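# Here's a sequence, model it:
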Amino acid sequence: MADSAYRIGRDFAGRSRATAFAIVVGAYALAFLAAIAAASMLSGRHPITVLFWADIAGTVAIFLLSMVVANSSLYDPYWSVAPPLIIGGWLVWHLSQGDPPASLRHWLMLGLVTVWAVRLTANWAIGWTGLGQEDWRYVQIREDTTGRAPWWLVSFTGIQLMPTLFVFLGLLSAWPAIIGWRPFGVLDVLGVIVMVVAIGLETVADLQLRRFSADPANRGKTVDVGLWRLSRHPNYLGEIMLWWGLWLFGLAAAPNWWWTIIGPLAMVGLFLWISVPLMERRSLARRSDYAKYQQEVSVLVPWPRR
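Okay, here's the model as predicted:
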């Protein structure tokens, strides 16, 4: 059993959904101020360094507040909220140096990441019922680690710091896209296509899953409609594609920054080796039809059923 001293939401669990959202907004405002303070203290350093530590400061703030409300899911929106702010911060710095004005590449990249961020955050908000709800993965991790490590350490390193580092790795591709010297070209067009398809894929997959789950007749069944008939995790595929599209923008602008491919590769590893196995184990335990579905349907890439 989880530590009895740690109850989901504690006294905050019974607050209304509106109050819970107000708490989340306040928490993220404080995290933003913490990030600004960290960036100010590092003024004059390289922008990548400045935004990295600002990102860490924001993560620490959310972590501390998640301990106050006893709910690690307070961190969940951070995945999508931070990227447009970091890219926007780099772009503001670039323009402040007297360099050429923002280009088509800049606006397309920032615009697509912002659309992705707004959609993903909205998808989280629609399904979030309040501070009494915590992601099942966090509950499971807490139960599995009770007695072996302090929960605050597990939550900070595994649930909050690790995703922040992965996302920052993915965002490194945006830096060469901002400072790059090459004109808008074919790779940029490809980047736009990949990111638009990624956002569309995630959007359709989430809508199909929500519609399927809302039908009481489907309780206990595996979603096997639309995109889910051809891929077990089409939403994860869309997420991975988003980061590859961002890398294409960076490669188009400054080919010598090709090594930022570590970002999308890290995302592939994160989903294939952590997110997918966790979800698959849970589905096998909860749904009797999942084993058959697992044998017939591709993991990520949509493919004819076996």
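# Centroid-wise, who is the farthest residue in this protein?
The centre of the chain is farthest from one residue, Gly98, which by C-alpha atoms, centre = their mean lies 32.6 Å away.
# Now do the same for it: helix, strand or coil?
Three-state call for Gly98 (DSSP: H, G, I helix; E, B strand; the rest coil): coil.
# can you check Leu300 too?
coil.
# Ramachandran angles for it?
phi -120, psi -60 (degrees, to the nearest 10).
# and the closest residue to it other than its chain neighbours, how many neighbours?
Distance criterion C-beta to C-beta, 6 or more residues apart in numbering; nearest residue to Leu300, sequence neighbours excluded, is Leu237 at 4.6 Å. From N, CA and C alone the C-beta is placed, and that goes for glycine too. Per other C-beta atoms under 10 Å, the neighbour tally for Leu237 reads 23.
# Per-residue pLDDT of Leu237, please?
Note for Leu237: predicted pLDDT of 98.
# before we move on, what about the one 5 residues further on?
What the model reports for Leu242 is a pLDDT of 98.
# sorry, back to before: which strands or helices does the host helix or strand of the residue nearest to Leu300 pack on?
According to DSSP states H and E, Leu237 maps onto helix 234-253. Packing partners of helix 234-253 (3 or more C-beta pairs under 8 Å, 6 or more residues apart in numbering; DSSP states H and E): helix 104-127, helix 162-171, helix 174-179, helix 186-214, helix 262-270.
# One more pass at 7 Å, please.
Here helix 234-253 touches helix 104-127, helix 174-179, helix 186-214, helix 262-270, going by 3 or more C-beta pairs under 7 Å, 6 or more residues apart in numbering; DSSP states H and E.
# Go through those helices and name the closest to Val297.
Closest of those to Val297 is helix 186-214, at 13.2 Å (criterion: C-beta to C-beta).
# How far off centre is that closest one?
With C-alpha atoms, centre = their mean, to the nearest Å as the basis, helix 186-214 stands 14 Å off its chain's centre.
# mean confidence score for it?
For helix 186-214, mean pLDDT is 97.
# ditto for stretch 108-122
The model assigns stretch 108-122 a mean pLDDT of 98.
# Please identify the buried residues of it?
Judged by neighbour count (16 or more other C-beta atoms under 10 Å), stretch 108-122 contains these buried residues: 108-110, 112-114, 116-117, 119-121.
# Could you save these as TSV and add columns showing distance to Ala35?
Compiled in TSV, the buried residues of stretch 108-122 are given as follows (distance: C-beta to C-beta, whole Å):
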residue	distance to Ala35
Leu108	25
Met109	21
Leu110	18
Leu112	23
Val113	17
Thr114	18
Trp116	20
Ala117	16
Arg119	23
Leu120	20
Thr121	17
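# what about the residue nearest to Arg305 when sequence neighbours are not counted, how many neighbours?
The shortest distance from Arg305 to any non-neighbouring residue, by C-beta to C-beta, 6+ apart, is to Glu296 (4.8 Å). Glu296 sits with 13 neighbouring residues when counted by other C-beta under 10 Å.
# where does Glu296 sit relative to Phe212, distance-wise?
17 Å (C-beta to C-beta, to the nearest Å).
# Looking at Thr146 now. What's its pLDDT?
At Thr146, pLDDT is 86.
# count of neighbours near it?
16.
# quick one on the thing from earlier: now the helix holding Leu237, how far from the chain's geometric center?
13 Å.
# And stretch 207-227, by the same measure?
23 Å.
# what's the span of it from first residue to last?
Using C-alpha to C-alpha, to the nearest Å, the span of stretch 207-227 from its first residue to its last is 10 Å.
# I'd like the distance from Pro100 to Ile178, if you could.
From Pro100 to Ile178 the distance is 11 Å (C-beta to C-beta).
# neighbour count winner among those two?
Under the criterion of other C-beta under 10 Å, the comparison of Pro100 against Ile178 puts Ile178 first, with 24 against 9.
# count of residues packed around the nearest residue to Gly191 once chain neighbours are set aside?
For Gly191, ignoring the flanking residues on the chain, the nearest one in space by C-beta to C-beta, 6+ apart is Leu248 at 3.5 Å. By other C-beta under 10 Å, 23 other residues sit near Leu248.
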